[in-house]
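Chemist: Fold the following and give me the result.
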Amino acid sequence: MKLAKLLNALLLVTSLFGYLEWGKGNFTFLYRAEWEVISKLLTDPVSVLHPFTVLPLLGQLVLFIILFVKKHLRLLTFVGLACIGILILFVLLVGVLALNWKIIVSTLPFLTTAVWVLKVNRRQPAPDR
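Modeler: Numbers count the residues shown, from 1 in each chain. Reported below is the predicted structural model:
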């Protein structure tokens with residue numbers, strides 16, 4: 001149970017450190033971009049309604065909520081992982097296509113944690129109903 005909560009917290013934290021770079025001299029980390037999205041969500045929600053902004057935020061919200069739930073909910077862990085994973089995998093694809101090692105390396109902590117989460121949750125027996 002403690003390992004599951006630790007892994008969910010790691011997923012949440014590592015999702016914030018993706019790196020994006022475009023044009024000449026333009027770059028940001030996902031935590032900065034997310035802060036801008038949340039700010040705009042409060043003032044002009046329609047401007048930020050896009051699957052690449054809404055799904056990762058929902059995934060992070062799910063992971064944050066299950067950190068405080070007593071019972072370990074594997075399904076919600078998988079939902080949160082999938083929602084955030086869509087964005088991180090897209091960032092990885094951009095990094096590979098652009099041959100930008102900074103972008104590629106920035107996705108590795110999340111992807112490593114995601115694989116660890118999947119392995120740990122696969123080994124656990126199904127809960128009794």
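Chemist: Check the gap between the residue nearest in space to the middle of the chain and residue 112 for me.
Modeler: Central residue check for the chain by C-alpha atoms, centre = their mean: the C-alpha nearest the mean position is that of residue 84, 3.3 Å away. Going from residue 84 to residue 112 by C-beta to C-beta, to the nearest Å gives 14 Å. Every C-beta, even on glycine, is put in place using the N, C-alpha and C of the backbone.
Chemist: still on that earlier bit, retrieve the pLDDT associated with the residue nearest to the centre of the chain.
Modeler: Among the per-residue scores, residue 84 shows a pLDDT of 93.
Chemist: OK, contacts around it?
Modeler: By C-beta atoms under 8 Å, 6 or more residues apart in numbering, residue 84 lies in contact with 11, 15, 55-56, 59-60, 63, 110.
Chemist: what's the helix or strand for it?
Modeler: Under DSSP states H and E, the secondary-structure element containing residue 84 is helix 74-98.
Chemist: can you give me the offset of that helix from its chain's centre?
Modeler: In this view, helix 74-98 has its centroid 6 Å away from the chain centroid, taken as C-alpha atoms, centre = their mean, to the nearest Å.
Chemist: re the thing from before, leaving out the residues flanking it, which one is nearest to the residue nearest to the centre of the chain?
Modeler: Leaving aside its sequence neighbours, residue 84 sits nearest to residue 59 (C-beta to C-beta, 6 or more residues apart in numbering; 3.9 Å).
Chemist: what angle separates the helix or strand encompassing the one you found from helix 74-98?
Modeler: If you go by DSSP H and E, residue 59 is part of helix 51-66. Orientation check (axes from the mean of the first three to the mean of the last three C-alpha atoms, to 10 degrees): helix 51-66 against helix 74-98 gives 140 degrees.
Chemist: thought residue 41 was touching residue 48?
Modeler: Yes. Between residue 41 and residue 48 there is a contact under C-beta atoms under 8 Å: 5.3 Å.
Chemist: Could you list the low-pLDDT ranges of this structure?
Modeler: Where the chain drops to pLDDT under 70, the residues are 1, 123-129.
Chemist: how does it look with 80?
Modeler: Low-confidence segments of the chain, defined by pLDDT under 80, are located at 1, 23, 27, 38, 45, 47-53, 72, 123-129.
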